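J.: Show me the folded form of this:
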Amino acid sequence: MTSDVTLEEYYAELKMMFQSTGWDLLCEELLNNVQVINNLQSVQDQRDLDYKRGQLAAIGVILNFPDTIQRAELEEAQESLSESTE
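T.: Below is the predicted model:
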């Protein structure tokens, strides 16, 4: 996040992105990639396996990003609420 954008604007922009056709297409493509990466027949050694694990972890972060942002937004709202009641 850049300093030019408020936290509320940041969350709003991400929500708009998550609702876009482009986001849906990206997620569909990533899920298709998971199918290919999960095929372990081409793994020849530990390095290959670690590489595939890294790919799957990165894809997981992207696919879970909407949920991560939603949780962060809720936590921020709860913190703001508790600060305002103190």
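J.: ok, the one residue sitting closest to the centre of the chain - contacts?
T.: The chain has F65 as the residue nearest its centroid, 2.1 Å off, counting by CA atoms, centre = their mean. With contact taken as CB atoms under 8 Å, 6 or more residues apart in numbering, F65 is in contact with L14, F18. Yep, even glycine has a C-beta here, placed from its N, CA and C like the rest.
J.: Check it and give its pLDDT.
T.: Per-residue confidence (pLDDT) for F65: 98.
J.: Let me see the contact set for the spatially closest residue to K52 that is not a sequence neighbour.
T.: Nearest in space to K52, with sequence neighbours left out and distances taken as CB to CB, 6 or more residues apart in numbering, is I37 at 5.3 Å. By CB under 8 Å, 6+ apart, the residues touching I37 are K52, Q55, L56, I59.
J.: hey, C-alpha coordinates of the helix or strand containing the third one in PDB?
T.: Taking DSSP states H and E as the definition, L56 sits inside helix 46-63. The C-alpha coordinates for helix 46-63 follow below in PDB (Å, rounded to 0.1, in the frame of the first residue of the first chain):
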ATOM      1  CA  GLN A  46      14.100 -32.800  -3.800                       C
ATOM      2  CA  ARG A  47      14.800 -29.600  -5.600                       C
ATOM      3  CA  ASP A  48      12.000 -30.200  -8.100                       C
ATOM      4  CA  LEU A  49       9.700 -31.000  -5.300                       C
ATOM      5  CA  ASP A  50      10.600 -27.900  -3.300                       C
ATOM      6  CA  TYR A  51      10.100 -25.800  -6.500                       C
ATOM      7  CA  LYS A  52       6.600 -27.200  -7.000                       C
ATOM      8  CA  ARG A  53       5.800 -26.700  -3.300                       C
ATOM      9  CA  GLY A  54       6.900 -23.000  -3.700                       C
ATOM     10  CA  GLN A  55       4.700 -22.600  -6.700                       C
ATOM     11  CA  LEU A  56       1.700 -24.000  -4.900                       C
ATOM     12  CA  ALA A  57       2.300 -21.800  -1.900                       C
ATOM     13  CA  ALA A  58       2.500 -18.700  -4.100                       C
ATOM     14  CA  ILE A  59      -0.700 -19.600  -5.900                       C
ATOM     15  CA  GLY A  60      -2.400 -20.300  -2.500                       C
ATOM     16  CA  VAL A  61      -1.400 -16.800  -1.300                       C
ATOM     17  CA  ILE A  62      -3.000 -15.200  -4.400                       C
ATOM     18  CA  LEU A  63      -6.200 -17.300  -4.300                       C
END
